[in-house]
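1. sequence first, predicted model second:
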Amino acid sequence: MKTGLFLPAPVSLSPYVTGAVQALMNEGGITFDVIASCSGAALPAGYAAMNAIDELVAIWERLENKDWAEVNWRAALKGALLWSPSLMDNRPVHHTAIDGHIVEQRLRPGVRWRLHAVRLTTGQEEIWEYPGKALSLETAVHLAMAVPVLFPAIDHDGTQWVDAATLNGSPLEDLILNTGVERVFFVGHAPQSPLKEVAGNAMKILMTALEWNQFSETPTSIEQANDVSDFVRAWRADRAAVDQSIGELIEDSSLRSELLAEVDRIYQAAAFPIERAIVEIIPILPQERLDGLFGDFQPTRSRQLLELGRLDARRVLKQLGLTA
């Protein structure tokens, strides 16, 4: 079975995603043929594509805010904050976990990794697949993680680029489902149960609304993907039923072959618009909301998120009978 891994935009919950991927690979023994990531999920995706997820776990266990991003006070004050290039700079994480760490030469032979960014000047999305692109993998990761406003837009190829989660933080269909995979593990951060806390002030209401803006992309993308698979399944079932009926009703082999050929011609002429296979989507999501969606990075918190990710992945592995 051709297996894929899809990682939507994780915001600051990337350690949870990393822990889940680690359990899938190390405890479930899963080898991913295709990996697709959005935004900051490029980190766990990249390390998974290199069979080096344990390296990223070790980074999370020691990473602090200063290792992730920094405030460029001079630029911020000079630009009167909102007129500065960005509120922060994420070059620290480039040095901590990307540059010299995520390189094309380290990708596991046979794996396909797909990530994307958006041209700020046109709003057009660009998808890159590695290995094989002329654009260096490190640069592609930089572009994919350039969160607008928070981090600077990146100049490349005569235009500005930013994180494609600006348009869609869960592009499941476009990034991975048309690659020939039959099963995709979807590791996200949207909670499976309602929020328990009451939003009691304007800031809390705003943050909660922003969270649901992120959360809602997960069930929507999964539902749409399953709808497409159901459509493909129904189309194939109809075709199989027609072929079976001809086979059962027409005894003359020449006439039967002629009718089957005509059926095939009609189906081809109908130009069924979906070329991908039926894909089983297996979500790995937290039971409840994880604190820190727009929070910070600290070793203690990251270790907690790593373990929560492992626990949720183990639960799914047990359901699938993939644990020892």
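-> All right, it came through fine.
2. mind checking how far stretch 202-215 is from the chain centre?
-> Stretch 202-215 sits 21 Å away from the centroid of its parent chain (C-alpha atoms, centre = their mean, to the nearest Å).
3. pLDDT averaged over that stretch, what's the number?
-> Mean per-residue pLDDT for stretch 202-215: 79.
4. buried residues, that stretch. List them.
-> Residues of stretch 202-215 classed as buried by neighbour count (16 or more other C-beta atoms under 10 Å): 208, 211, 214, 215. C-beta coordinates here come from the backbone N, C-alpha and C atoms, glycine included.
5. tell me which two in those residues are the farthest apart.
-> 208 and 214 (10.9 Å; C-beta to C-beta).
6. the lowest-mean-pLDDT helix or strand in the chain: what's the following helix or strand?
-> The helix or strand of the chain with the poorest confidence is helix 73-78; it has a mean of 58 (mean pLDDT, DSSP states H and E). The helix or strand immediately downstream of helix 73-78 is helix 91-93, counting by DSSP states H and E.
7. just checking: what are the partner strands of the very next helix or strand once past that next one?
-> Note on helix 91-93: by DSSP H and E, the next helix or strand toward the C-terminus is strand 112-119. Strand 112-119 sits in its sheet next to strand 34-37 (parallel), strand 125-130 (antiparallel), strand 159-163 (antiparallel), going by DSSP bridges.
8. what's next to strand 112-119, contact-wise?
-> 33-38, 42, 45-46, 49, 107, 124-130, 140-141, 143-144, 146, 159-164, 166-167, 171, 175-176, 179 (C-beta atoms under 8 Å, 6 or more residues apart in numbering).
9. ok, now with 7 Å
-> Identification of contacts with strand 112-119 by C-beta atoms under 7 Å, 6 or more residues apart in numbering yields 33-38, 42, 45, 49, 107, 124-130, 140, 143-144, 159, 161-164, 166-167, 175-176, 179.
10. ok, stretch 265-278 next?
-> Contacts of stretch 265-278 (C-beta under 7 Å, 6+ apart): 177, 178, 180, 182, 228, 229, 231, 232, 233, 235, 239.
11. circling back: pick the most buried one from the strands paired with strand 112-119.
-> strand 34-37 (a mean of 27; mean count of other C-beta atoms under 10 Å).
12. any idea of the mean pLDDT in that strand?
-> The model assigns strand 34-37 a mean pLDDT of 97.
13. swap in stretch 135-147?
-> 91.
14. out of the strands paired with strand 112-119, which gets nearest to residue 249?
-> Taking the strands paired with strand 112-119 one by one with C-beta to C-beta, strand 34-37 is closest: 41.8 Å.
15. helix or strand right after that closest one?
-> Following strand 34-37 toward the C-terminus (DSSP H and E): helix 42-49.
16. can you map out the strands along the stretch 151-300 of the chain?
-> Here the stretch 151-300 of the chain has its strands, by DSSP state E, counting those that start in this stretch, at 154-156, 159-163, 183-187, 280-284.
17. could you check how far the closest residue to residue 88 other than its chain neighbours is from residue 146?
-> Of all residues not flanking residue 88 in the chain, residue 69 sits nearest, at 4.6 Å (C-beta to C-beta, 6 or more residues apart in numbering). Using C-beta to C-beta, to the nearest Å, we find residue 69 at a distance of 12 Å from residue 146.
18. among those two, which residue is more densely surrounded?
-> residue 146 (25 against 20; other C-beta atoms under 10 Å).
19. can you give me the distance of that one to residue 157?
-> On the measure of C-beta to C-beta, residue 146 and residue 157 end up 14 Å apart.
20. ditto for residue 283
-> Distance from residue 283 to residue 157, by C-beta to C-beta: 35 Å.
21. looking at the two, which one has more neighbours?
-> Using other C-beta under 10 Å as the criterion, residue 283 and residue 157 rank with residue 283 on top: 17 against 11.
22. correct me if wrong: residue 56 contacts residue 48.
-> No: counting by C-beta atoms under 7 Å, residue 56 stays clear of residue 48, with 8.4 Å between them.
23. redo the strands of the stretch 151-300 of the chain as CSV? Include mean pLDDT and distance to residue 272.
-> What follows is these, written out as CSV (pLDDT from 0 to 100; distance: least, C-beta to C-beta, whole Å):
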stretch, mean pLDDT, distance to residue 272
strand 154-156, 85, 38
strand 159-163, 88, 34
strand 183-187, 98, 22
strand 280-284, 97, 20
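24. looking at these, which is closest to residue 8?
-> Per C-beta to C-beta, nearest to residue 8 of the strands of the stretch 151-300 of the chain: strand 183-187, 7.6 Å.
25. by contact count, what packs against the closest one?
-> strand 3-7, helix 14-22, strand 280-284 (3 or more C-beta pairs under 7 Å, 6 or more residues apart in numbering; DSSP states H and E).
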